[in-house]
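K.L.:
Requesting a structural model of the entry that follows:
(one chain, ligands or ions: 2)
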Amino acid sequence: MENETHTVTCSAPVNIAVIKYWGKRDEELVLPVNSSLSVTLNQDQLRTVTTVSVSRKFQKDRIWVNNREESMENPRLKRLLAEVRRLTKEQGSMSGNGTRPPSHDCHMHICSENNFPTAAGLASSAAGYACLAYTLCQLYHLQVDVSLLARQGSGSACRSVYGGFVKWEMGEREDGSDSIAVQVAPESHWLELEVLILVVSSEKKAVSSTRGMQTTVKTSPLMKYRCETVVPQRMETMERAIVERDFPSFARLTMQDSNQFHAVCLDSYPPILYLNDTSKRVMQLVTAYNKLHQEERVAYTFDAGPNAVLYCLRETMSELISLVTHYFPPTPGNERNYIRGISSEDCRTDSDFTKKLKLTFDPTPGLLQYIIRTSVGDGPRLLTQPLLGLDGLPLATTPPT
Ligand SMILES: Nc1ncnc2c1ncn2[C@@H]1O[C@H](COP(=O)(O)OP(=O)(O)OP(=O)(O)O)[C@@H](O)[C@H]1O
Ligand SMILES: C[C@@](O)(CCOP(=O)(O)OP(=O)(O)O)CC(=O)O
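P.N.:
Ligands and ions are numbered 1, 2, ... in the order given. Down below sits the predicted model:
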């Protein structure tokens, strides 16, 4: 009993917001200045896997992320672990199924892997902290809202604890107890909705989301109008568009909110610029495509980086892929692995159609690193294959991506 090792392994998805979270009213508790809403992506393409082991044999807490040991001095990580230990102590030692969870005073080893670039604007912190919070709740049999814990690791992480369409209610209470994620609709609700991620850069971004949003809250006059007037209305309209599966409304609001998020970034002082020329070309392509069809058939959204996330219905996907690969072809030699994820039939462009689009740029190879086709997905899963061995050390794994 004394030397028993408890181990749990889980996976969690990435989520991409269609109404953006940007700005905190409480840095410590990670409480936002506005509510937000996101789509959870399919874990077959983008996911974090985390194993947590707890044992009296361990000398100290340790964490490995993507095969590299990292410092435990990260304040958000420390806060999350402290909160889990506090709740474990408070909730006692018996779980509902009669088995005994590990004691709150043992050290833990954490091992986590992302199957996509970390800190590159692909929401790695969201999947990472959602996975950690979910795994800890399973391990310690905690009776708690997982989104409350995930939020304290990274705000957007709270939305990754559910599949489908998820809103993060900003809440009003000072202690943050009502600042939680709620599922608006499960992944089965809108099976035709698909996602294309255009990876412009997988470099670490210059201004982190945490720091960028602090500057915006402090300096942008436009931000006040966004939080008080724009987002509350958009949350309602977006929820309705999702419930009614109204793609044109969903797409319009998604693009408008991405535009406004980048507008408040530019309105910050000093200004924050996450979009680059390739991002702007993607915006132009989507706008021209929708104009030609006289309705919104594709939506773009950009987080704190130049990568584009495009939403469309399945019936539009092959035309979209053919257009994107026409205007953003791979560099010669890079064709083979250019489109990843859900396999796509051979998509060719109709040259008359592309001529009608009237873009101000010509097809240019090499502006995108690669493209990921994915769909809407489920929430965290309990897995059986651990990343840590019986000695509590990482098992030989694949090299970090
Ligand atoms: N699997 C993981 N387990 C634990 N922590 C992780 C994991 N993946 C990422 N993180 C944490 O998240 C940080 C990256 O967060 P950051 O917000 O900079 O990038 P991002 O989430 O990829 O981008 P964005 O939030 O703008 O979409 C990492 O430096 C690490 O501390
Ligand atoms: C642009 C965003 O992706 C910002 C995400 O910010 P984070 O959740 O990464 O920030 P912290 O709470 O400081 O960790 C928009 C969104 O996901 O809603």
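
K.L.:
ok, for whichever residue of the stretch 251-400 of the chain sits closest to ligand 2, nearest residue in space, not its chain neighbours?
P.N.:
Ranked by Cβ to the nearest ligand atom, the top residue of the stretch 251-400 of the chain for proximity to ligand 2 is D303, at 3.8 Å. C-beta coordinates here come from the backbone N, C-alpha and C atoms, glycine included. In space, D303 comes closest to G121 once its chain neighbours are excluded; the distance is 4.9 Å by Cβ to Cβ, 6 or more residues apart in numbering.

K.L.:
Which secondary structure state is assigned to that neighbour?
P.N.:
Secondary structure, DSSP: H, G, I helix; E, B strand; the rest coil: G121 is coil.

K.L.:
wait, what's in contact with it?
P.N.:
205, 274, 302-307 (Cβ atoms under 8 Å, 6 or more residues apart in numbering).

K.L.:
try it again with 6 Å
P.N.:
205, 303-305, 307 (Cβ atoms under 6 Å, 6 or more residues apart in numbering).

K.L.:
Next one: it relative to ligand 1, how far apart?
P.N.:
In this view, G121 and ligand 1 are 5 Å apart by Cβ to the nearest ligand atom, to the nearest Å.

K.L.:
Please tell me how far that residue sits from ligand 2.
P.N.:
The separation that G121 has from ligand 2, given Cβ to the nearest ligand atom, amounts to 7 Å.

K.L.:
What count of nearby residues applies to the closest residue to V200 other than its chain neighbours?
P.N.:
Closest residue in space to V200, ignoring its immediate chain neighbours: P306 at 4.2 Å, by Cβ to Cβ, 6+ apart. For P306, the neighbour count with other Cβ atoms under 10 Å is 23.

K.L.:
So what does P306 look like in phi/psi?
P.N.:
The phi/psi pair for P306 (degrees, to the nearest 10) reads phi -80, psi -10.

K.L.:
Look up how far S344 lies from it.
P.N.:
23 Å (Cβ to Cβ, to the nearest Å).

K.L.:
and Q260, what pLDDT?
P.N.:
What the model reports as pLDDT for Q260 is 98.

K.L.:
again, but for N307
P.N.:
The model reports N307 with a pLDDT of 95.

K.L.:
Using the record, which stretches count as separate domains in the protein?
P.N.:
6-190, 193-375 (automatic domain parsing).

K.L.:
Distance-wise, check the residue nearest to D303 relative to E27.
P.N.:
21 Å.

K.L.:
Which secondary structure elements does the helix ranked longest in the chain sit against?
P.N.:
Across the chain, the longest stretch assigned as helix under DSSP state H is helix 247-266. Counting contacts by 3 or more Cβ pairs under 6 Å, 6 or more residues apart in numbering; DSSP states H and E, helix 247-266 is packed against helix 231-243, strand 298-302.

K.L.:
what about 10 Å?
P.N.:
Packing contacts for helix 247-266, counted by 3 or more Cβ pairs under 10 Å, 6 or more residues apart in numbering; DSSP states H and E, involve strand 15-19, strand 36-40, helix 209-219, helix 221-225, helix 231-243, helix 277-293, strand 298-302, strand 308-313.

K.L.:
out of those, nearest to ligand 1?
P.N.:
helix 209-219 (4.4 Å).

K.L.:
Next, the buried residues of that closest one.
P.N.:
209, 212-213, 215-217 (16 or more other Cβ atoms under 10 Å).

K.L.:
and those residues as JSON lines, adding distance to ligand 1 and pLDDT?
P.N.:
Shown next, in JSON lines, are the buried residues of helix 209-219 (distance: Cβ to the nearest ligand atom, whole Å; pLDDT from 0 to 100):
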{"residue": "S209", "distance to ligand 1": "4", "pLDDT": "94"}
{"residue": "G212", "distance to ligand 1": "9", "pLDDT": "97"}
{"residue": "M213", "distance to ligand 1": "10", "pLDDT": "98"}
{"residue": "T215", "distance to ligand 1": "15", "pLDDT": "98"}
{"residue": "T216", "distance to ligand 1": "14", "pLDDT": "98"}
{"residue": "V217", "distance to ligand 1": "16", "pLDDT": "98"}
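
K.L.:
Quick check: the residue of the stretch 1-150 of the chain nearest ligand 1.
P.N.:
For the stretch 1-150 of the chain, Cβ to the nearest ligand atom, closest residue to ligand 1: G128, 2.5 Å.

K.L.:
Looking only at stretch 22-31, what residues are buried by neighbour count?
P.N.:
Buried residues in stretch 22-31 (16+ other Cβ under 10 Å): 22-25, 29-31.

K.L.:
Which pair of the residues you listed spans the longest distance?
P.N.:
W22 and L29 (16.9 Å; Cβ to Cβ).
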